[in-house]
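S.K.: generate coordinates for the sequence data below:
(chains A and B)
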Amino acid sequence: MPGPHRQGPASSAETGARIGIHVATLAPGADMPGFRAAARRLIAANVPPEAIVWQTEALSLFGTESAPNEAPPLALPRPVTDLIPMVVPHRDPERYGLLYALIWRVLHGERALMEVASDPLVHRLHRMRKGIARDLHKMHAFLRFRRVPNEPERYVAWFEPDHHILEAAAPFFVDRFRNLRWSILTPEGSAHWDGALSFGPPGRREDAPEGDGFEAGWRDYYESTFNPARLNLDAMRAEMPRKYWRNMPETAAIPALVRAAGARAQAMIEKAPTMPEKRDPVRAVERMARDEPESLEALNAVIARSEPLVPGATQAVLGEGPLGATIAFVGEQPGDQEDRQGRPFVGPAGQLLSRALAEAGIERSDAYLTNAVKHFKFTLRGKRRIHEKPTAGEVSHYRWWLDRELDFVAPKLVVALGATAVLALTGKPVPITRARGPAEFGRPFGGFITVHPSYLLRLPDEAKEEAYHAFVADLRRVRDLAA
Amino acid sequence: MDEKLARKLRILADAAKYDASCASSGAPKRKAGADGLGSTTGAGICHAYTPDGRCVSLLKILLTNYCLFDCAYCVNRRSSNVARARFSVEEVVTLTVEFYKRNYIEGLFLSSGIIRSPDYTMEMLTRVAKKLRREHGFRGYIHLKSIPEASPWLIEEAGLYADRLSINLELPTEESLTRLAPEKDGAAIEGAMGQIGERIAQAKEEKRRFSPAGQSTQVIVGADSTTDEALIRKSALLYGSYGLKRVYYSAFSPIPDASSALPPQAPPLRREHRLYQADWLIRYYEFSPDDVANAADGGMFALDIDPKLAWALKNRHHFPVDVNRADRTMLLRVPGLGARAVDAIVKARRHGRLRLDDVARLTSGLKRARPFLIAEDFRPTTLTDRLDLRAKLAEPAEQLSLF
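M.R.: Okay, here's the model as predicted:
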């Protein structure tokens, strides 16, 4: 555990060159603050690596020595500061000396030293870092919690890492098991989480529960997921060395699995194919092939059941109009009113559409009206729900339903009202101004593109009238095309 | 855990193990919410290894192994006489959460036999994922096997809860599909892959969540006569067309109660290994499918040397390569030099010329690389031209070890 640090002889830093040997004493384990302070001080005093003896010593809890004045922080390249905390937990007693040698060289003309991975020092530190990374990874992987019996839910694990990594390993478990209470015991110290993380004294294997109600099931799983026809012990041992086995309940199954594997695989190969014992489920197989909704009603039931892709909408708004309608209108998505009433085109834009249809001589109740997106998407501003345009991904999400819907309605002509409808029908973004008029949607019905009536509502008053007339003119063409 | 549930677990884990994928990688890093459970690390974690050397990362089970399909290669085909079982949604959720809390697993990999209909089955799979996310605040990894015959909107929904979706191609040609998996439809499979690929790309762009760890697939090796070259070309196409993260190659394995439509003998596991190596050459080593095909003989990769070495031996005029001068693309072609070693070389040589000892510190594959490279103090002289070079570098035919 890191603790207060000291460096002795404390007063020798300035006179280092004359005295010769400096002793830097750090706490046992991964003493990151101690190393940082010592390195700062030694660099400030210009002490070369070969003049330092690094040692670790447990400090008494009531140690009276306080750290001498802090030396200024060292300005080191990022790769170096990233490396240091990944080497400090190493159990190699030379780790501090090697790190100091690196710092020294980096500050004495070799700033890019970390890039020279072939340098023996850098190479060795890289290997140490790898060792720590692996040790951390294996601890995250192979540690097993056991539930403490007869207590409110709490878990304890016993683990024996190779290096001094308990503190470095703990945040992973916090991130993962945040809503649980747990302890990790190791021969060097312990970590505890109950909403806050704390570290304590070493634990013993006996302090963890002896078993867990799910271990038998886990072993069952482990045995069943093994394929006896692919025995490969080297690969297993390379990734899961034996030293870990004693703290992993499932490994008890290994010897028996290995012994039986050859015979099991052989038996599978030698066994002659058998005839099915059960009757062939001919009718079920046939029924399965007819899985698609077979009517607009069935499809609508599926749509009505669905949740909005963007949360908020009250309900899915289904298409409306007779099957076999000559003209189908596809809008963008339901608005505030549509969402409340559960019917398409009943808000202000819908009313405008009704008026224009009437003027163009199209009976609204003869046409089929629907939307590309089936749920209202909005942002809340005060109490008002402000319409928000669906993204391309959202349009695609809903596209399947529109396709099927139009298959059932089988109109002669489909009118895309606005860009979203065009996107839904063609899969491509097309600017309305250029594409306005008869169109080809690559489907068995004719197509026509015009603006969405809500566009007319947004125009300044002086432009409204002209745009409205153009819209009605479009609808007249639609009427003629569909006739 | 009661015995009834344990029995189901044994049957439904056994039935799921022929799916090679167990990866828990690729998900964006996530932490548990204040009152939730689970995280993802990006790289994924293998929580144990079984004696077949494979990683146990996810709880890999089927919802049920009852199945209406009759795919010859599959242990769960309807005409097979294996024991059957079915989990309830609640049971899968319980197993996942309880195993997860004990740090046995990274999450769930759920697949299923087709019962009642593809839609019904797909809805059940999604229901499990949704329950885990919603009711347990579960942020661990979820991989859902998608059923391509199901309605497309069900796949749309599954992607909202899963970290990864996968659809197994299993057989790389339409002809094999028709013969060995009569209920499957190659067009539906690729259609669904296309849908998933498109939606993943859109979601990424719009910063929404849809199968953020991508999609993968599996092909079975050795159940039909498809060559290695054809498999790799197919994979290259799949990576290119649907943005697949991974193609898994699964050497067809002897199964209990096998069908007579299958070859009696499994292909060597090393064939599977060579396919993975070739696949990596395409994804990480700038090899084109043609380059990889060039490494094969009669469409098949040699078993005793890896495909990169095979390519180098056939293309000796490109070697030796000077580690102090060659560009990255060419260094990547040197047998024994991994992509990471190549990057380290490129960085290190900016600060001084590399000697053979330096290279040795940057790769663990120097023995294989030596005949193909030049360092400051080293030239392989005539080594590159030696006829017995292949024999010198080949691996022993079979590595078995006793326990």
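S.K.: what pLDDT does residue B:41 get?
M.R.: In this model, residue B:41 is scored at 92, pLDDT.
S.K.: how many neighbouring residues does the nearest residue to it once chain neighbours are set aside have?
M.R.: Sequence neighbours aside, residue B:29 is the residue nearest to residue B:41 in space, at 6.4 Å (criterion: Cβ to Cβ, 6 or more residues apart in numbering or on different chains). Heads up, the C-betas are built off the backbone N, CA and C, glycines and all. Using other Cβ atoms under 10 Å in any protein chain shown, residue B:29 is surrounded by 10 other residues.
S.K.: ok, now which ones touch residue B:29?
M.R.: Taking Cβ atoms under 8 Å, 6 or more residues apart in numbering or on different chains, we find residue B:29 in contact with B:39, B:40, B:41, B:42.
S.K.: phi, psi of residue B:283?
M.R.: Backbone torsions for residue B:283, taken as degrees, to the nearest 10, come to phi -80, psi -30.
S.K.: quick one on the thing from earlier: drop anything exposed from the contacts of residue B:29.
M.R.: Among the contacts of residue B:29, the ones that count as buried by 16 or more other Cβ atoms under 10 Å in any protein chain shown are B:39, B:40, B:41.
S.K.: which residues touch the closest residue to the second one other than its chain neighbours?
M.R.: Leaving aside its chain neighbours, residue B:40 sits nearest to residue B:27 (4.0 Å; criterion: Cβ to Cβ, 6+ apart). Counting by Cβ under 8 Å, 6+ apart, residue B:27 touches B:40, B:42, B:141, B:163, B:164, B:212, B:213.
S.K.: burial count for the spatially closest residue to the third one that is not a sequence neighbour?
M.R.: Right, the one you point to is residue B:141. What sits nearest to residue B:141 in space, not counting adjacent residues and going by Cβ to Cβ, 6+ apart, is residue B:107, at 3.3 Å. Neighbour count for residue B:107, taken as other Cβ under 10 Å: 29.
S.K.: residues in contact with residue B:107?
M.R.: Per Cβ under 8 Å, 6+ apart, neighbours of residue B:107: B:24, B:38, B:40, B:58-59, B:96, B:100, B:138, B:140-143, B:163.
S.K.: residue ranges with poor pLDDT in chain B?
M.R.: For chain B, the stretches flagged by pLDDT under 70 are B:382-387, B:396-403.
S.K.: tell me which helix or strand the residue of the stretch 251-400 of chain B found nearest chain A sits in.
M.R.: Nearest residue of the stretch 251-400 of chain B to chain A, counting by Cβ to the nearest Cβ: residue B:358, 3.5 Å away. For residue B:358, the host element (DSSP states H and E) is helix B:356-362.
S.K.: so which helix or strand takes in the residue in the stretch 201-350 of chain B positioned nearest to chain A?
M.R.: Nearest residue of the stretch 201-350 of chain B to chain A, counting by Cβ to the nearest Cβ: residue B:202, 3.5 Å away. Per DSSP H and E: residue B:202 is located in helix B:186-205.
S.K.: which strands and helices sit next to the helix or strand following that helix?
M.R.: Counting by DSSP H and E, the next helix or strand C-terminal to helix B:186-205 is strand B:215-221. If you count contacts as 3 or more Cβ pairs under 8 Å, 6 or more residues apart in numbering or on different chains; DSSP states H and E, strand B:215-221 packs onto strand B:164-166, helix B:186-205, helix B:228-242, strand B:246-251, helix B:269-284.
S.K.: switch the ones you listed over to CSV; also include mean neighbour count.
M.R.: Shown next, in CSV, are those (neighbours: other Cβ atoms under 10 Å in any protein chain shown):
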stretch, mean neighbour count
strand B:164-166, 28
helix B:186-205, 18
helix B:228-242, 19
strand B:246-251, 22
helix B:269-284, 19
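S.K.: output whichever strand or helix holds residue A:286 as PDB, nothing but the C-alphas.
M.R.: Using DSSP H and E, residue A:286 sits in helix A:282-289. Output in PDB follows, covering the C-alpha atoms of helix A:282-289 (Å, rounded to 0.1, in the frame of the first residue of the first chain):
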ATOM      1  CA  VAL A 282     -45.000 -31.400 -41.600                       C
ATOM      2  CA  ARG A 283     -47.900 -29.100 -40.700                       C
ATOM      3  CA  ALA A 284     -45.900 -26.900 -38.300                       C
ATOM      4  CA  VAL A 285     -43.200 -26.500 -41.000                       C
ATOM      5  CA  GLU A 286     -45.800 -25.500 -43.500                       C
ATOM      6  CA  ARG A 287     -47.400 -23.000 -41.100                       C
ATOM      7  CA  MET A 288     -44.000 -21.500 -40.300                       C
ATOM      8  CA  ALA A 289     -43.500 -20.500 -43.900                       C
END
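S.K.: do that helix and chain B meet?
M.R.: Yes. Helix A:282-289 comes into contact with chain B (Cβ under 8 Å from any Cβ of the partner chain), by way of A:284, A:285, A:287, A:288.
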